[in-house]
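Trainee: Turn this into a structure:
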Amino acid sequence: MQTRILRARLLEAQLDLAHRREQSVIVLLTGHAATHKGRLVNELNHWLENRHTEVHALGPSSEEQERPYWWRFWRRIPDRGRIGIFIHGWYGDGLFARAERRLSPGAFRDRLAEIRAFEAELAAEGVVLLKLWMDIDRSDQRHHLQALQADPVRAWQLTTADWQRHLQHAAIEALGREMRNVTAVDHAPWRRLDFRDPPEQLQRVGALLHETLVAPPEPPSEVPEVMAGEMPAAPSIRRADPRTKTSLKKSSYAARLVEEQGRLAINAREAARRRLPVVLAFEGLDAAGKGGSIHRLTAALDARQYRVHRIAAPSDEELALPWAWRFWRRLPADGRIAIFDRSWYGRVLVERVEGLAPEAAWRRAYAEIREFERQLLAHGTVLGKLFLAISQEEQLRRFKARAATPHKRHKLTDEDWRNRERWDDYRQAIDEMFARTQAPGAEWELIACDDKRRARLRVLESVNERLEARLASPI
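Mentor: Residues are numbered from 1 along each chain as shown. As a prediction, this is how the structure comes out:
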């Protein structure tokens, strides 16, 4: 195909992508050094309408090092209708670290498994992947590096890392072959490009991108995950009784509240000193007391240390990206606390029960959630998951009290009454959520909340226990 015709067709396909806003596209280039990757990206960007493209060549910043590894990539996923171009992307770190033996064979295999899970999740959420391996023979690579070094106009492009990659050519070739074999799947295949003159390379890449835009691969039906040990026993809301025989007296509650809040203040300061990130996810039935419990929790914390994220219906910005993006972007830096008033579990609770997500999406979400939480734990995050349970009778009493109290009336919505009509459906979804997302380090705490005072104390106790267990650990 003539270059002029190819450029016109590619631009037409890109503008159609931007108009429909149904998918986004990621072009990822990695491979050997001295294969024109930078020049190729620059020229491809000129072919495209660059108002709808973004280019990323990543080196981890201090901000990124303070969060789980995949945060840096999640925050750069392009919106629907856009094209993101990544040089090396999520492959370069592992590939070159393994070539330099900074990464063990087992850790390299684990990274490849993480990549498979990450790319499957992206593909299932409408992100189309075009992955290009840039190949070059070792002798051609040497001649090209020597020519660059001898050219006063282009010598600045050459770095010591390029020569290092040349010395590692055999290792990178073997590791690259293993990497492609493990991560090549129908929804994210690899395309291998031999070293050629830049115009020929650009023609080939342009043709592959056009093909990807007009005929994207089918998304996967399942998402693989990197398992982390056996599942511990999960709680059950249908077997638990949220009622208590006696209510805790106000005087006893006040004394114990001060004690637990003081305990939390000490634990939180020590977690900050040790640079431990903390993520607390609050879920629960309507009127169970999430807001009140979170208020008692944050009263013990330094306001500079924590942030409360109240998760509601997704915004237009969030709808333009994979559903997990809005949780990844809110993860705390090391030494900080993120409190989620409702969380990523909405996909397998309200979105499931109310039909707001397709069945395939919420069923797939269990594996996505387990992998997300495994990534948090791998980074060293202290993860607390609290579910606040309430009896049907107590919920009705609180609904009526809210309706009769002017300053609380805003808390009661038509949605609360509608959710109550699906009581049994929610309880079934909750128990399945417990069973399928219980994991070592990510256990659920089921808290009986018919007695608000006891429930609030138990929330504080649970968070303290989780923090103290981690602070007592030598790791």
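Trainee: Show the average pLDDT along the helix or strand harbouring residue 12.
Mentor: Take DSSP states H and E as the rule and residue 12 turns out to sit in helix 3-20. Model confidence over helix 3-20, given as mean pLDDT, is 96.
Trainee: The chain should start at 6 in everything you say after this.
Mentor: Sounds good: first residue 6 from here, last item helix 8-25.
Trainee: Tell me which helix or strand comes right after it.
Mentor: Taking DSSP H and E, what comes next after helix 8-25 is strand 29-36.
Trainee: I'd like to know which elements that following strand is packed against.
Mentor: If contacts are counted by 3 or more Cβ pairs under 8 Å, 6 or more residues apart in numbering; DSSP states H and E, strand 29-36 sits against helix 42-52, strand 88-92, helix 94-104, strand 132-140, helix 203-219. C-beta: built from backbone N, CA, C; applies to glycine.
Trainee: Please identify which of these is closest to residue 311.
Mentor: Of all the helices and strands packed on strand 29-36, the one in closest proximity to residue 311, counting by Cβ to Cβ, is helix 94-104 (29.8 Å).
Trainee: Distance from that closest one to the middle of the chain?
Mentor: 20 Å (Cα atoms, centre = their mean, to the nearest Å).
Trainee: for it, which positions count as buried?
Mentor: Neighbour-count burial for helix 94-104 flags 94, 95, 96, 97, 98, 99, 100, 101, 103, 104 (criterion: 16 or more other Cβ atoms under 10 Å).
Trainee: what's the closest of those to residue 350?
Mentor: When the buried residues of helix 94-104 are ranked by distance to residue 350 (Cβ to Cβ), residue 95 comes first, at 26.0 Å.
Trainee: ok, that closest one - contacts?
Mentor: 33, 75, 78, 120, 123 (Cβ atoms under 8 Å, 6 or more residues apart in numbering).
Trainee: Now do the helices for the stretch 356-480 of the chain: every range, in order, please.
Mentor: In the stretch 356-480 of the chain, the helices defined using DSSP state H, counting those that start in this stretch lie at 364-384, 397-409, 419-426, 428-442, 457-476.
Trainee: counting contacts, what elements does the third one pack onto?
Mentor: Yep, that's helix 419-426 we're talking about. By 3+ Cβ pairs under 8 Å, 6+ apart, helix 419-426 packs against helix 397-409.
Trainee: Run through who's touching the helix it packs on.
Mentor: Residues lying outside helix 397-409 but in contact with it, judged by Cβ under 8 Å, 6+ apart, are 247-248, 290-293, 395, 413-414, 416-417, 421-422, 425, 428, 454-455.
Trainee: In PyMOL, how would I select the buried members of the residues you listed?
Mentor: Applying 16+ other Cβ under 10 Å to those, the buried members can be selected in PyMOL as follows:
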select buried, resi 247+290+291+292+293+395+417+421+425+454+455
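Trainee: For residue 455, see how far away the residue nearest to residue 428 when sequence neighbours are not counted is.
Mentor: Among residues not flanking residue 428 along the chain, residue 397 sits closest, at 6.1 Å (Cβ to Cβ, 6 or more residues apart in numbering). Residue 397 sits 10 Å away from residue 455, taking Cβ to Cβ, to the nearest Å as the criterion.
Trainee: Show me the shaky parts of this protein.
Mentor: By pLDDT under 70, the weakly predicted segments of the chain are 232-234, 250, 480.
Trainee: Skipping adjacent residues, who's closest to residue 204 in space?
Mentor: The shortest distance from residue 204 to any residue other than its chain neighbours is 7.8 Å, reached at residue 8 (Cβ to Cβ, 6+ apart).
Trainee: So what's the residue count around that neighbour?
Mentor: Residue neighbour count, defined by other Cβ atoms under 10 Å, stands at 12 for residue 8.
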